[in-house]
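1. build me a model from this:
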Amino acid sequence: MSDHDIDPTSPRMAPKPEVTKINGRELKPSTLMMGHGFDPVLSEGSLKAPIFLTSTFAFPSAADGKRHFEGITGKRPGGADGLVYSRFNAPNQEILEDRLSVWDGAEDALSFSSGMTAICVLMLAYASQNDVIVHSGPLYAASEGFVAKILAKFGVTYVDFPAGATREQIDAVLEKARKQADEQGGKVCMVYLESPGNPTNALVDIEAVRDARNAALGEDCPIAIDNTFLGPLWQRPLEHGADIVVYSLTKYVGGHSDLVAGSIAGAKKWMDPVRMLRNTMGGICDPNTAWMLCRSLETVELRMSRAGENAAKVCDFLSKHPKVEGLGYLGMIKDARQQDIYDRHCLGAGSTFSLLLKGGEAECFRFLDSLKIAKLAVSLGGTETLASHPASMTHLSVAEGRRAELGISDNLVRISIGIEDADDLIADFEQALEAV
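-> Numbering: from 1, shown residues only. Reported below is the predicted structural model:
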């Protein structure tokens, strides 16, 4: 929250310094979520931040207004140093962004009205006409569609590689992308990853991508990664070579299936171009949603831990069931390459996985229609267990051949385990499998 309009000579209104360590010990994110970025003194002693429902903010002086707009418009580096207008910044959003930065160890973060808004504004900020985007596969269908269909209208092309690609394969893809960019008169503007990939849970070797990027393109081409499936608890991509981490905050961070939002985080140099475009286009998270997300961040570790424990128990049951062909669960990886990536990058298996049934769409539909506790719905990361059929729902817009190439088969069900009793969930899946 901005304190530039507070009189620092007033003891009652003097902002207190942030406490991020005690006796030399760095406080953990779960502790900082209870108050980081907000001083009750600045809001009449309110323990929790109020919801600031205002479109604009009063300037102390005309000179202050000029200075703020110099930052907003980029005439002066560093951005606005105070509150200006709610399309640019506002107290609830700034508190939220401060706390999101903490989780990923990022210098800066930006909030958006949805995960796809975050992704689209991010890509538009870095892509110019005739550029090339390199991306992993699978991606969330809307992300892949934005690159392949919308950015294509402006001459932006793409080259993709499978999630488990080796360093040698990534080198070859980047070389192909560089030549493609040269032929088009553009550049490779971004390497965009999704790991784990939606809906298969396929992992990308972030470190190999970083090393390949550095060798082929240099460090000016950002590596962005959608970390929605595991973050912010079970994977910290910025520590392994990514420059920008992307979230659908709708999922685990929001965690209650009652809001839609998104974010990106990383070094300020990567955030500033995106912030400038967001200032123009809008798309910042609204204050009520930002307030709800701050509420949710207080329990994200508890919720994700409980859901992860439940998923391990459920998957242990499912792995032994005769009607189950396979599981895309990170706690039961069978591929050596994927296990190596998991061991280096991940801190936990998460609670979203793919269930492969023996059969096809008809068997999946019978299973889904028979669930009694788990809800048949898209999205993931909520307190309740959700199940869906990606091939006919979230990834229906992906061409059938492309779905097959990415492993999104007709017998795949995506399941997001919630925080219910694990034995009750196992009983629900057992009775639903009986209908298959």
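2. three-state assignment of V245?
-> For V245, the assignment made with DSSP: H, G, I helix; E, B strand; the rest coil gives strand.
3. cool, A224 as well?
-> Going by three-state DSSP: A224 is strand.
4. please name the nearest non-neighbouring residue to it.
-> I244 (4.0 Å; CB to CB, 6 or more residues apart in numbering). C-beta here means a position set from N, CA and C on the backbone, and glycine is covered the same way.
5. that neighbour - how many residues pack around it?
-> 27 (other CB atoms under 10 Å).
6. for the one 10 residues further on, same thing?
-> A count of neighbours around G254, defined by other CB under 10 Å, yields 24.
7. pretty sure it contacts W291?
-> No. Contact between G254 and W291 fails when scored by CB atoms under 8 Å: they sit 11.8 Å apart.
8. identify the residue nearest A212 in space, chain neighbours excluded?
-> I170 (4.3 Å).
9. for the helix or strand where the one you found lies, packing partners?
-> Element membership of I170 [criterion: DSSP states H and E] is helix 167-184. Applying 3 or more CB pairs under 8 Å, 6 or more residues apart in numbering; DSSP states H and E, we find helix 167-184 packed against strand 132-137, strand 157-162, strand 188-194, helix 206-216.
10. and the angle for it with strand 188-194?
-> 140 degrees (axes from the mean of the first three to the mean of the last three CA atoms, to 10 degrees).
11. just the buried residues of helix 167-184, please?
-> I170, D171, A172, V173, L174, A177, R178, Q180, A181 (16 or more other CB atoms under 10 Å).
12. thought the second one was touching A212?
-> Same thing as D171. Yes. With contact defined as CB under 8 Å, D171 counts as touching A212 (5.1 Å).
13. tell me how many other residues surround Y126.
-> Using other CB under 10 Å, the number of residues around Y126 comes to 20.
14. so what's it up against?
-> C189, M190, P222, P273 (CB atoms under 8 Å, 6 or more residues apart in numbering).
15. distance of P199 relative to M271?
-> According to CB to CB, to the nearest Å, P199 stands 29 Å off from M271.
16. next, give phi and psi for N23.
-> Here is the backbone geometry of N23 (degrees, to the nearest 10): phi 50, psi 40.
17. neighbours around it, how many?
-> N23: 4 neighbours (other CB under 10 Å).
18. contacts only, for it.
-> By CB under 8 Å, 6+ apart, no residues touch N23.
19. the strands in the stretch 201-350 of the chain, which residues?
-> 223-226, 244-248, 262-266, 324-328 (DSSP state E, counting those that start in this stretch).
20. and I244, what is it in contact with?
-> Shown in contact with I244 (CB under 8 Å, 6+ apart): L122, P222, I223, A224, I225, I264, A265, G266, W270, M271.
21. now pLDDT too, for those residues, in a markdown table please.
-> Below are those laid out as a markdown table (pLDDT from 0 to 100):
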| residue | pLDDT |
| --- | --- |
| L122 | 98 |
| P222 | 98 |
| I223 | 98 |
| A224 | 98 |
| I225 | 98 |
| I264 | 98 |
| A265 | 98 |
| G266 | 98 |
| W270 | 98 |
| M271 | 97 |
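22. just the residues you listed now: which is nearest Q129?
-> L122 (17.4 Å; CB to CB).
23. helix, strand or coil for that closest one?
-> Per three-state DSSP, L122 ends up helix.
24. contact partners for the closest residue to H240 other than its chain neighbours?
-> With sequence-adjacent residues excluded and distances taken as CB to CB, 6+ apart, H240 is closest to I206, at 4.3 Å. Residues in contact with I206, defined by CB under 8 Å, 6+ apart, are L193, S195, I223, I225, P237, H240, G241, A242, H345.
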